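> Prediction below, plus the sequence it came from.
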Amino acid sequence: MLKLIGAVLILFAGTMIGFQQAARFAARPRQIRQLIQALQRLETEIGYGYTPLPEALARSSAHLPEPVSSLLREVKNRLDEADGLTFRECWECSVAAHWPGTAMKAAEQGALIRLGSALGISDRDDQIKHLKLAMGQLKAEEETARDDQARYEKMWKSLGVLIAALVVILIV
């Protein structure tokens, strides 16, 4: 009886690990899409609303889901509390602090870091160009993430169950 309960727990744990990995593959394209929407909102606020950057960040974050909204809020909060920090430093610190909570990879982080070094230091038209460049890079990464999702999501679900079943067979 004890072996049966142990086998069921191992199967359950392996299955959940597989499903958790599959969920990360499913979350990455969704989060990249949300990040693109955030940059589109920033572009609109800066380009058409003539909104200052801290206020544009606050307005954009109000309409976005997590984890993207918390990233933008964090940048705005750091700017408000900035003790001599530049926008780039506030942006990089916020991205670094919030990145582990996302399913995105280093390529998306690199695009955001590059964008942060261009925002806030140039005129409105140049900032819009940099936002569009970052959105283009993120769209390419979104396509890659969708391909990875299609390729690996089912594999991880199956792999979790199969490895757990192998462990149960080896133990019993």
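The structure has been received and is ready for your questions. All of these numbers come straight from a predicted model, not from anything done at the bench.
> host element of the residue nearest to residue 137 when sequence neighbours are not counted?
Nearest non-adjacent residue to residue 137, counting by CB to CB, 6 or more residues apart in numbering: residue 111, 4.3 Å away. Quick note: C-beta positions are derived from backbone N, CA and C, even for glycine. Residue 111 is part of helix 106-118 when elements are defined by DSSP states H and E.
> Centre of the chain to that helix, how far?
Relative to its chain's centre, helix 106-118 lies at 12 Å (CA atoms, centre = their mean, to the nearest Å).
> Can you tell me what sits against that helix?
The set of residues external to helix 106-118 that reach it, using CB atoms under 8 Å, 6 or more residues apart in numbering, is 32, 35, 39, 87-88, 91-92, 95, 99, 126-127, 130-131, 133-134, 137-138, 141, 144.
> Which stretches in this protein count as helices?
Counting by DSSP state H, the chain has helices at residues 2-47, 53-61, 68-81, 87-98, 106-118, 124-171.
> Would you reformat those as TSV and include mean neighbour count and mean pLDDT?
Output for those, formatted as TSV (neighbours: other CB atoms under 10 Å; pLDDT from 0 to 100):
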stretch	mean neighbour count	mean pLDDT
helix 2-47	17	92
helix 53-61	20	88
helix 68-81	19	89
helix 87-98	18	90
helix 106-118	17	90
helix 124-171	15	93
